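Trainee: sequence first, predicted model second:
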Amino acid sequence: MSQRTWPARAASAGQGPEPDPARQSGPATLVPQAGGPAGLATGGSGTPDPARARSGITARGAALVMLAVFLAGDLLAGWLGLSILTGLAFVAGCLLAAVGTRRHDLLFMVTTPPVIFLVAVVCGEVLTSPGSTFATSAGTVAAGTILTLSAAAPWLFGGVLLCLIIAMARGLPQCVRDLQLGMRGQGAAADRAH
């Protein structure tokens, strides 16, 4: 069986002859490239890929995700009369943030869920308080916040513990070491300045 070749056209100014399509369609080589499907976790040579290390949501994004999930869970729990939904929303928000946050933002993500939950509960109580005056509304909001926090306390401990476990597996100790090294470097620079 003979191969059909295409006749080469006359080369125009600065262009070579047209390539032979039969020669270009050879067998594909299966060499993983950096950033390709086989090189997602590493840069092809076993080194960590910087783009992969930066993937995920930022610390602000994680805070917003947690606030949205906590607030939605609190409002839904009040609307349906199921206080367990507040705790489940806390655990779900912590899980989403722990899994999706960038590695270098893990320290922020681990330390903020209780504060963000408090803000979400206060916002939920303000939105649903039935008081007509400021004093009545403030008392209702304070009482509702304390009751919600006391009912969700076991869920708070469980969610924070889950956050810590996931963050430890994803590299939280390295984040702590990096923070310590950065603080030592800033302290040494301040000493040299004086």
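Mentor: That came through fine.
Trainee: what values do phi and psi take at the nearest residue to residue 105 once chain neighbours are set aside?
Mentor: Nearest residue to residue 105, sequence neighbours excluded (Cβ to Cβ, 6 or more residues apart in numbering): residue 59, at 3.9 Å. Every C-beta, even on glycine, is put in place using the N, C-alpha and C of the backbone. Note on residue 59: backbone dihedrals following degrees, to the nearest 10 are phi -60, psi -40.
Trainee: from what I can see residue 59 touches residue 110, true?
Mentor: No - using Cβ atoms under 8 Å as the test, residue 59 is too far from residue 110 to be in contact (10.6 Å).
Trainee: who has more neighbours, the two?
Mentor: Legend: neighbour count by other Cβ atoms under 10 Å for residue 59 and residue 110, higher for residue 110 (21 against 17).
Trainee: using the three-state scheme, assign the more buried one.
Mentor: helix (DSSP: H, G, I helix; E, B strand; the rest coil).
Trainee: test my guess that it contacts residue 162.
Mentor: No - using Cβ under 8 Å as the test, residue 110 is too far from residue 162 to be in contact (10.5 Å).
Trainee: list the residues that contact both of the two?
Mentor: Applying Cβ atoms under 8 Å, 6 or more residues apart in numbering, one finds that residue 110 and residue 162 are jointly contacted by residue 98.
Trainee: residues touching the residue nearest to residue 105, list them.
Mentor: 101-102, 105, 108-109.
Trainee: could you dump the residues you listed to JSON lines with neighbour count, distance to residue 174 and pLDDT?
Mentor: As requested, those are arranged in JSON lines below (neighbours: other Cβ atoms under 10 Å; distance: Cβ to Cβ, whole Å; pLDDT from 0 to 100):
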{"residue": "101", "neighbour count": "27", "distance to residue 174": "14", "pLDDT": "87"}
{"residue": "102", "neighbour count": "18", "distance to residue 174": "13", "pLDDT": "87"}
{"residue": "105", "neighbour count": "19", "distance to residue 174": "12", "pLDDT": "84"}
{"residue": "108", "neighbour count": "17", "distance to residue 174": "14", "pLDDT": "85"}
{"residue": "109", "neighbour count": "28", "distance to residue 174": "14", "pLDDT": "85"}
